[in-house]
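>>> Task: produce atomic coordinates for the following.
(6 chains)
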There are 4 protein chains.
Amino acid sequence: MIAPMAARKQRLNPRKQPVQNRSKTTVDTILLGAAQVFEVHGYAAGTTNRIAERAGVSIGTLYQYFPSKEAIAVALLERHIADTDHRLHEWVGHMVVEQHGLCDALHDYVNGMLEMHSKQPRLQHILLEETPLPENVHQALLEAERHAAKTVAGLLRLYPEIQHPCLEHAGFMVVQTVESLTHRFAAHPDDQFIPRNIFIDEMVAMLVAYLARV
Amino acid sequence: MIAPMAARKQRLNPRKQPVQNRSKTTVDTILLGAAQVFEVHGYAAGTTNRIAERAGVSIGTLYQYFPSKEAIAVALLERHIADTDHRLHEWVGHMVVEQHGLCDALHDYVNGMLEMHSKQPRLQHILLEETPLPENVHQALLEAERHAAKTVAGLLRLYPEIQHPCLEHAGFMVVQTVESLTHRFAAHPDDQFIPRNIFIDEMVAMLVAYLARV
Amino acid sequence: MIAPMAARKQRLNPRKQPVQNRSKTTVDTILLGAAQVFEVHGYAAGTTNRIAERAGVSIGTLYQYFPSKEAIAVALLERHIADTDHRLHEWVGHMVVEQHGLCDALHDYVNGMLEMHSKQPRLQHILLEETPLPENVHQALLEAERHAAKTVAGLLRLYPEIQHPCLEHAGFMVVQTVESLTHRFAAHPDDQFIPRNIFIDEMVAMLVAYLARV
Amino acid sequence: MIAPMAARKQRLNPRKQPVQNRSKTTVDTILLGAAQVFEVHGYAAGTTNRIAERAGVSIGTLYQYFPSKEAIAVALLERHIADTDHRLHEWVGHMVVEQHGLCDALHDYVNGMLEMHSKQPRLQHILLEETPLPENVHQALLEAERHAAKTVAGLLRLYPEIQHPCLEHAGFMVVQTVESLTHRFAAHPDDQFIPRNIFIDEMVAMLVAYLARV
DNA sequence: TATGAATGAGTCTTCATTCAT
DNA sequence: CATGAATGAAGACTCATTCAT
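Coordinates of the predicted model:
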């Protein structure tokens, strides 16, 4: 996966502290600690003191860089959206260049997403569902998903075997299915029942069948 | 949808208070209030006092029936699992009797699940992800999902057009896909982008294609 | 001083907790503690924990009766206004009945106010000046002062020796002068320089001269 | 108003940092910022960071010139006392030279004081009542007031129409009355009820009547 | 000397839980 | 059994002050 792409920049966290590049290390440290703490404790039980402690800074320092607990979660989500976006565009770029078959392409995508979510299986859900997000962030999220659907739709256009009458809807379904199944499996893997690679294969099979059905 | 089925009973909440059938009404009232409060406020902000108030009982009474806030959530989840189970078996029974086609059958299933989740879109997620559940509940959850997969697999056996080599895996994928997509859509419907009925149709199309692919 | 009067009731603190008569003791205890703590530490440094401790209740109990620190200050101020009002009306009633001379009447008034302020010299100022009061309380305060001015003006009408062309203004000046001088002396008595009784006499002399000047 | 007078110098702030004349500009800048910040936010909410920001210096620099927040308030109060003192002596000097009538003289005084307090109506009160001052400052304050009383008494000696048996007490009353009424009106002007110029006239009338009563 | 990032004790407030009535 | 006043540990956040650069 190569070829990133200038992502649509959308500051989701335009608070007091610009969270700029100077002392980036501290901000990063805090966000790293926050990710770990939220991952383990959830949003509500992920206290700012715990985050500061985990990040190895004082609570005062934390509040020098983020105006509130919510702002930390928003920053984390901002990163997640950017990451997902980045990954998607890398993948699309790659596929456009390499001319893989649909099956391989989807396999690559699913695999990448599963890998991504497996690192911090709960974090995304926590940010998306437990955190009381300001309205603009919700909008940005919706927008990001729509954008992803359209991007995937654009890629699908390259595959003549695809029969689906509406590529936008197809793109939406692909994105949603991969996102949700991938997350679900990452969060509660049931390897006893179905091993990871088979799970991936089944998901790919389902998507291929859906897109290229007769 | 008729024909329930004796669900596998598994006490998930074997704490101090036996939560028996005596004064069942009070327990039900409390759980009803808790469901509403959690749905609106989330787990952390769903205070026991609010639950008691909503249920129309005193906080003392609440603690007479549940030993802790967590126990309430667990009881709620227990119910949710039983409901889902019940719904699934009703559906399967119905399908066995009525001999619908695969497409209709899946449409019925998807529709039912979406309907179920749409009533309280957040509740399931809150119980599953926001609540710090004891290990045995997690196990019961996994078990319930496996059981559902097997049940669906049993139903799929009745459709000769299904090509899938492993019905257990197919059942698992169907259950997981419906669960996760359905929940995702219920939680964040994006009607602007894709209307509900089209979403259902697409999901069904995907499942049918997956199961009956050549 | 007798003869109170149905004071204009104006709830300045219509928050969640009605602060009613049941468990009046607890509310009173808290207010008593708050008065002492504010008196000693000022508003900002008068922490709710200190208040609770002083009142001999837990911090939780304090917040069961008052929704915020500010509400406590407002309740205290409410009492102060009511007390002052009560005292004023008692005095006026008394004077109307007893037909004292102007000099005696003013002496009685000044003495009463000084006595009142001497109990908690700082408290009033703290409540009036340090506490960030909601707008409606400020209005109520202004109203109370105007009302006091009018009440005194009404009393002054009974004294034919008073030459002042505008009794309303005269009443205002009397109230303001007594209030501010009285408070100033109570807060920083300089007995070395001028003893209390002489101070009172001088103040009365000033007011009499002002009202009855040729 | 001319003719100042070498004020009794009394270092109220003999802390670590000598607060000398070197880099006097910086000290002045800080005090100016502090006055503005205290005026707006009060003592407790007037943070040192805000003061530094307002003064256009870094927080580090602020602490290079003042050992603590309290020291800033004390320095400010010191200035206020000196200013008042200066103003008083200017006035007395002026009166001695110009030979105005008592009424005009008092009018001038009252007017000047009201003007002075109207600029920063809260500041004096904040410094006097909200700030936890060390004992020596309180003593200095008392001393300043006694000195003012004596100064005014000296001036009153020039007016033969004054009947008051004890000029020292009369001076004290004049100073106290003007100080407190003036401050009260500046802090909470009630122009609806009594306009500023009438308020001044009434106050002067009261003082004249008091001093020159038969 | 000036700077400002870092500190952490201390503030207000919430809420699960208990227990005397 | 039901009640609800009382509890106090814990959380988000502030701000006076320090110190390495």
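
>>> pLDDT wise, what is A:His117 at?
A:His117 carries a pLDDT value of 88.

>>> which SSE is it in?
Assigned by DSSP states H and E, A:His117 belongs to helix A:102-119.

>>> what's next to that helix, contact-wise?
For helix A:102-119, contacts defined as CB atoms under 8 Å, 6 or more residues apart in numbering or on different chains pick out A:1, A:83-84, A:87, A:91, A:94-95, A:100, A:124, A:155, A:159, A:161-162, A:174, A:178-179, A:182-183, A:185-187, A:196, A:200-201, A:203-204, A:207-208, A:211-212. Heads up, the C-betas are built off the backbone N, CA and C, glycines and all.

>>> Tell me the first helix or strand C-terminal of the helix or strand bottoming out on mean pLDDT in chain A.
Sorting the helices and strands of chain A by mean pLDDT, DSSP states H and E puts helix A:121-125 at the bottom, at a mean of 85. Using DSSP H and E, the helix or strand that follows helix A:121-125 towards the C-terminus is helix A:135-156.

>>> Can you flag the buried ones in the contacts of helix A:102-119?
A:1, A:84, A:87, A:91, A:94-95, A:124, A:155, A:162, A:174, A:178-179, A:182-183, A:185-186, A:200, A:203-204, A:207-208, A:211-212 (16 or more other CB atoms under 10 Å in any protein chain shown).

>>> ok, the one residue in chain A that gets nearest to chain C - contacts?
Closest residue of chain A to chain C, CB to the nearest CB: A:Asn49 (18.6 Å). Applying CB under 8 Å, 6+ apart, we find A:Asn49 in contact with A:Ile59.

>>> where in chain A is pLDDT low?
Low-confidence segments of chain A, defined by pLDDT under 70, are located at A:1-24, A:214.

>>> hey, where'd the helices end up in it?
With DSSP state H, the ranges of helices along chain A come out as A:24-45, A:48-55, A:59-65, A:69-98, A:102-119, A:121-125, A:135-156, A:167-187, A:196-212.

>>> wait, what's in contact with the spatially most central residue of chain A?
By CA atoms, centre = their mean, chain A has its centre lying nearest to A:Thr84, at 4.0 Å. A:Thr84 makes contact with A:Met116, A:Ala144, A:Ala148, according to CB under 8 Å, 6+ apart.

>>> Let me have the residues you listed in a markdown table, extended by neighbour count and distance to B:Gly42.
As requested, the contacts of A:Thr84 are exported to a markdown table (neighbours: other CB atoms under 10 Å in any protein chain shown; distance: CB to CB, whole Å):
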| residue | neighbour count | distance to B:Gly42 |
| --- | --- | --- |
| A:Met116 | 17 | 26 |
| A:Ala144 | 19 | 23 |
| A:Ala148 | 23 | 27 |
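
>>> And for the residue of chain A found nearest DNA strand E, the neighbour number?
Of all residues in chain A, A:Gly60 sits closest to DNA strand E, at 1.8 Å by CB to the nearest atom of the strand. Using other CB atoms under 10 Å in any protein chain shown, A:Gly60 has 8 neighbouring residues.

>>> and it, how far is that from D:Val57?
Distance, A:Gly60 to D:Val57, by CB to CB, to the nearest Å: 21 Å.

>>> Likewise for A:Ile126?
A:Ile126 is 43 Å from D:Val57, by CB to CB.

>>> who has more neighbours, the two?
Neighbours were counted for A:Ile126 and for D:Val57 using other CB under 10 Å; A:Ile126 has more, 25 against 17.

>>> Surely the more buried one is in contact with A:Phe38?
Yes - at 5.2 Å, A:Ile126 counts as touching A:Phe38 under the criterion of CB atoms under 8 Å.

>>> For chain B, give me its nearest residue in chain A.
A:Ala44 (3.2 Å).

>>> Grab the nearest non-local neighbour of that residue.
Of all residues not flanking A:Ala44 in the chain, B:Ala44 sits nearest, at 3.2 Å (CB to CB, 6 or more residues apart in numbering or on different chains).

>>> what do you get for A:Tyr65?
Among residues not flanking A:Tyr65 along the chain, A:Val27 sits closest, at 5.3 Å (CB to CB, 6+ apart).

>>> got the contact list for A:Ala73?
Taking CB under 8 Å, 6+ apart, we find A:Ala73 in contact with A:Ala34, A:Phe38, A:Tyr43, A:Leu127, A:Thr131, A:Leu133.
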